[in-house]
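S.K.: Give the three-dimensional model of this entry:
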Amino acid sequence: MDLKRKIPRSQKRDAMIAVLLACCVMLAVCVGVLLSRVIGTPVVFDGNIENIKVNITEVCTRNRSIICDSNGRYSDYIELYNAGISFDLNGFALSDNAFKEVKYVFGSREFASGQYMLIFLDGTNVAFSLKGEGGENLYFLSPGGDVCASVTTIEMDSDMVMVLKDGTYEVTAKASPGYPNTEEGIASYQRSLTDVSGIFTISELITSNKSALPDREGNFSDIIEIKNISSAAASTSGWYVSDNLGNPHRYALPDITLMPGEYLLVFCDGKSSYNDSEIHASFGLSEGEVAVLSGPDGRYTSVDVERIGDNISICRTTDDDGNIVYKQMSPSPGFDNTEDGILAFTESRIDRNAAIIISELLLSTDELAYGGKVCDVIELMNISENEVSTKGWFLSDDELNPYKYSIPETILKAHECICIIADSRKTPDDGIHANFSLSQGECVYLMTPEKKQSEILSVAPAGRGKSWQYIDDAGDGSYIAQNPSLGFPNDDFGRDDYNKKVRPEGIEISEVVSVNNRYIPGPYGTYHDFIELHNNSNKELSLSGLYLSDDSDNLNLAALPDIKVAAGGYIVLILSSDGVNTPSGYEVLPFALSAQGETVYLSSGGEVIDCIAIPALEGGMSYGRAGGRDGFGYLSEATPKKENASELAERAEKPEAVLEPGVYNNTGSLSVELRGKGTVRYTLDCTEPTAASPAYKSPIIIDKTTIIRARCFEQGHLPSEVLDLSYIINENDKLEVVSLVTEPENLWNYYTGIYEKGPNAEPVFPYVGANFWQKWEKKATVAFFASDGTGFSEPCGIRIFGAYSRAAEKKSFTCFFRGQYGASELKYRLFKDSDLSVYEAFVLRNMGQDYNRARI
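M.R.: Below is the predicted model:
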């Protein structure tokens, strides 16, 4: 049986016709689509047929951060492009239905030729959305229902788009809504996002905020500063900050209204909170990221997070050509990114009315002992008229950790002091040892409970036997090097009280002769330095277990013999490094003293009992405790093994110069003759003459501008006051001349010079923290030479004056006239058109920031 079924010829013909018809239909559709893309879709407008040439050029089915609508929402979107004539969209429609069921009808609005149009499929205004899985058909329909454009969606990940390129669709991450699907169009779209409509902008970033500005809890974190750059008040509602351009909406800003020019600070610490008007974002900033500020329309501004130093900002400012740029500057959060703004911010971080201040600073480098040790001591004082608790106050030597040491809680009465020993010891039993010590070049920071700085004081030597002491001048205080008064007021009475407190009971240092040329001769007319000890008790005491040393790192340098010293008695110890030709009958210790001065320590068991800071002495001069005095001073004579002589109260007479100092032009050379009692010693390098300076023997010949400093050293007298002579030679200046004379170290020493940046200056202008920002006051002489031959020369204290001009190459000085330098007032008519002729201080100005163009 034949199972093959024979198909009739008629059926074959019908099948072939059906296939042919289907192919024709498909060809017609393809041609229609092709024609619609090439010449457009015929649409009747007011009885006329127009070819509408519209393409769906971009589709996003998972829009997370590409672009938002006017309400700040991120919805799916399609982009239409009009490649034909302009026309009115009224009646045109969108659909995602295979049966072309209308989902959205356009109202009347022009669709211009060459225009891109975005339609957000938000499910409300446009009543449908698209699936990210793809496979949906999207239609743009004419009012008559004709398909003007269509596309079948493809599965896409978040923030991926379908774009029409060269007649085909492809999926990419490079969106360009509103712009051509080209590299140029993508770049234009990216640039458009950086336009935030001139309302808010990122004006400053601090990405390594170690101590610039804490939050209310005292924590330091990255900071984004936002500024209202518009001319009207504006709300931050709908605005976001982020650290990722791919997710610009990480943290929504609270609804805060900023006035024009007002700033808003955002602490980027990951806390995501808004309490008590302080904003904490949900992220931090890291190098290589970007700080992003985006608005309700999706446009944003961004700033690259660069590698910068600690406490340095990236600030929005202008360059010399007026272009807006971001550059590294000193921080000024909450203030303008200008020199004045930086200074205003710095000032805002200091509590000028703080009740507690650093009132005295004694450094181990200045060689005095306190509490049995050569150590650093910080004295704090309550300068208010009320009791103040130290709870919440902190001390530190580290700018990056300003809360290093919590000051023990106590109540300070008005003007009461507390001394903190900075020796890195943790001794909770007495609570006065800080967990740090001080080194030259550091700073001491005192922080208030409000997380502000009460004081910042650079650590610099005050000089052997001295401490830095705060002296108040009608609200404008200075730090001046003086003999210590720790725990007592910074005046002569306080210093006397301090000397009484630290004077030991029992064996003490009585007097020292460091350049001996007349007392206790040895064999062959030799003389040796000596130290005299005194038993000030009412019982006999042994020297056993005691040591003398001139080295604080080796207190056991010279053990004292087991010799008993009677109550009220004295013993003299000869000092000799080699022990040769020493006088008989005296104990000899194996070290000698420097004529330049040094410190000697009396100790027992590693604890300093007594110490004496010896200045440079003339031959045969003695330094010690005068009868009835607790402190040390120059003695009228040495009295070995006897009660000390009285303290020298009379200075040698000040030397004189035959040739008056002043301005000398058109001269070859000058001969300066000095006269004075005793030995006149002088210097030509502006240093103060000491007993080791050259002795004057014949007139000094000078042929250029020279400063001569001279002093008389006379037996039985204190060294005279210093004579400062300024000879201005052949400078040919037509203006009147002011001369300032001071120790070069006072100006140029890296650590202590008030003209130097020093170790604590910030790296950018105005170098906040530099030496010239300190309140240090240095001893000097100011001289004025008027064109009429009058003038003056007076000792004074000088301090750098001004604001930003402190950072200029030429700086301003305030000259203070105080009793400790000489006269407490200057009596001279400085200004001819003023009746004022008595001054406690005056300012030598550099003309501010115009110093290099203007002169007085």
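S.K.: Please, where are all the helices along this protein?
M.R.: 9-38, 183-193, 339-348, 492-502, 744-748 (DSSP state H).
S.K.: Can you give the distance from the last one to the centre of its chain?
M.R.: What that stands for is helix 744-748. In this view, helix 744-748 has its centroid 23 Å away from the chain centroid, taken as Cα atoms, centre = their mean, to the nearest Å.
S.K.: Enumerate the positions of that helix that are buried.
M.R.: The neighbour-count check on helix 744-748 (16 or more other Cβ atoms under 10 Å) flags E745, N746, L747 as buried. Yep, even glycine has a C-beta here, placed from its N, CA and C like the rest.
S.K.: Reformat those as TSV; add pLDDT and distance to I224.
M.R.: Listed next are those as TSV, based on pLDDT from 0 to 100; distance: Cβ to Cβ, whole Å:
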residue	pLDDT	distance to I224
E745	95	44
N746	95	43
L747	96	41
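S.K.: Return the member of these nearest to L130.
M.R.: Here the nearest of the buried residues of helix 744-748 to L130, counting by Cβ to Cβ, is L747; it sits at 75.1 Å.
S.K.: Might one say that the closest one is in contact with G758?
M.R.: No - checked against Cβ atoms under 8 Å, the pair L747 and G758 is beyond contact range at 11.8 Å.
S.K.: check contacts around E637.
M.R.: Contacts for E637 (Cβ atoms under 8 Å, 6 or more residues apart in numbering) come out as S622, A645, G716.
S.K.: give me that answer again for 6 Å
M.R.: Neighbour list for E637: A645 [criterion: Cβ atoms under 6 Å, 6 or more residues apart in numbering].
S.K.: Would you mind stating the distance between it and N644?
M.R.: With distances taken as Cβ to Cβ, to the nearest Å, E637 is found 9 Å from N644.
S.K.: in the stretch 651-800 of the chain, which spans are strands?
M.R.: Secondary structure of the stretch 651-800 of the chain (DSSP state E, counting those that start in this stretch): strands located at 656-657, 662-664, 670-672, 674-675, 679-683, 700-702, 706-713, 723-729, 737-741, 778-785, 791-801.
S.K.: will you turn these into TSV that also has mean pLDDT, mean neighbour count and distance to G522?
M.R.: TSV is the format used below for the strands of the stretch 651-800 of the chain (pLDDT from 0 to 100; neighbours: other Cβ atoms under 10 Å; distance: least, Cβ to Cβ, whole Å):
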stretch	mean pLDDT	mean neighbour count	distance to G522
strand 656-657	96	15	39
strand 662-664	95	19	51
strand 670-672	96	15	41
strand 674-675	96	18	36
strand 679-683	97	20	25
strand 700-702	97	16	38
strand 706-713	96	23	25
strand 723-729	97	22	38
strand 737-741	96	18	43
strand 778-785	96	21	40
strand 791-801	94	20	42
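S.K.: closest one to D351 among these?
M.R.: Per Cβ to Cβ, nearest to D351 of the strands of the stretch 651-800 of the chain: strand 791-801, 21.2 Å.
S.K.: Let me see the contact set for N666.
M.R.: N666 touches nothing, counting by Cβ under 6 Å, 6+ apart.
S.K.: Report pLDDT for it.
M.R.: You'll see N666 listed with a pLDDT of 92.
S.K.: again with F220
M.R.: So, for F220, pLDDT stands at 93.
S.K.: Then the one 4 residues further on?
M.R.: Confidence per residue is given as pLDDT, and for I224 that number is 98.
S.K.: Count the residues that sit near it.
M.R.: Neighbour count for I224, taken as other Cβ atoms under 10 Å: 27.
S.K.: got any ranges where this protein has weak pLDDT?
M.R.: When residues are selected by pLDDT under 70, those of the chain lie in 1-40, 44-49, 72, 98, 194-197, 426-431, 473-476, 847-856.
S.K.: any idea how it splits into domains?
M.R.: The chain is divided into the following domains under automatic domain parsing: 41-192, 200-348, 356-500, 504-635, 656-850.
S.K.: In TSV: these, plus distance to E650.
M.R.: Below are the domains of the chain laid out as TSV (distance: least, Cβ to Cβ, whole Å):
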stretch	distance to E650
domain 41-192	83
domain 200-348	48
domain 356-500	18
domain 504-635	10
domain 656-850	6
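S.K.: So which of those is nearest A649?
M.R.: It's domain 656-850; of these, that one is closest to A649 (Cβ to Cβ) at 7.8 Å.
S.K.: next one: that closest one to chain centre, how far?
M.R.: Remark: domain 656-850 is offset 31 Å from the chain centroid, using Cα atoms, centre = their mean.
S.K.: Can you give me the neighbour number for G477?
M.R.: Neighbouring residues of G477 were enumerated by other Cβ under 10 Å; the total is 16.
S.K.: Tell me which residues touch it, please.
M.R.: With contacts defined as Cβ under 6 Å, 6+ apart, G477 is in contact with Y470.
S.K.: Report the beta-bridge partner residues of A710.
M.R.: Y682, L723 (DSSP bridges).
S.K.: my guess is it meets L674, correct?
M.R.: Yes - here A710 reaches L674: they are 5.4 Å apart, a contact under Cβ atoms under 6 Å.
S.K.: tell me, what's touching these two both at once?
M.R.: Common contact partners of A710 and L674 (Cβ under 6 Å, 6+ apart): P655, V680.
S.K.: now the strands for the stretch 51-200 of the chain?
M.R.: Assigned by DSSP E, counting those that start in this stretch, the strands in the stretch 51-200 of the chain fall at 54-60, 76-82, 87-88, 93-95, 104-105, 110-111, 116-121, 137-141, 147-152, 161-165, 168-172, 200-206.
S.K.: May I have the strands that pair with the fifth one, each with its orientation?
M.R.: It refers to strand 104-105. Note on strand 104-105: by DSSP bridges, its sheet partners are strand 93-95 (antiparallel).
S.K.: Buried residues in the strand it pairs with, which are they?
M.R.: Buried, per 16+ other Cβ under 10 Å, within strand 93-95: A93, L94, S95.
S.K.: how many neighbours does the closest residue to Y470 other than its chain neighbours have?
M.R.: With sequence-adjacent residues excluded and distances taken as Cβ to Cβ, 6 or more residues apart in numbering, Y470 is closest to S359, at 4.7 Å. Other residues near S359 come to 27 when the count uses other Cβ under 10 Å.
S.K.: What separation do you get for S359 and I350?
M.R.: As judged by Cβ to Cβ, S359 and I350 stand 16 Å apart.
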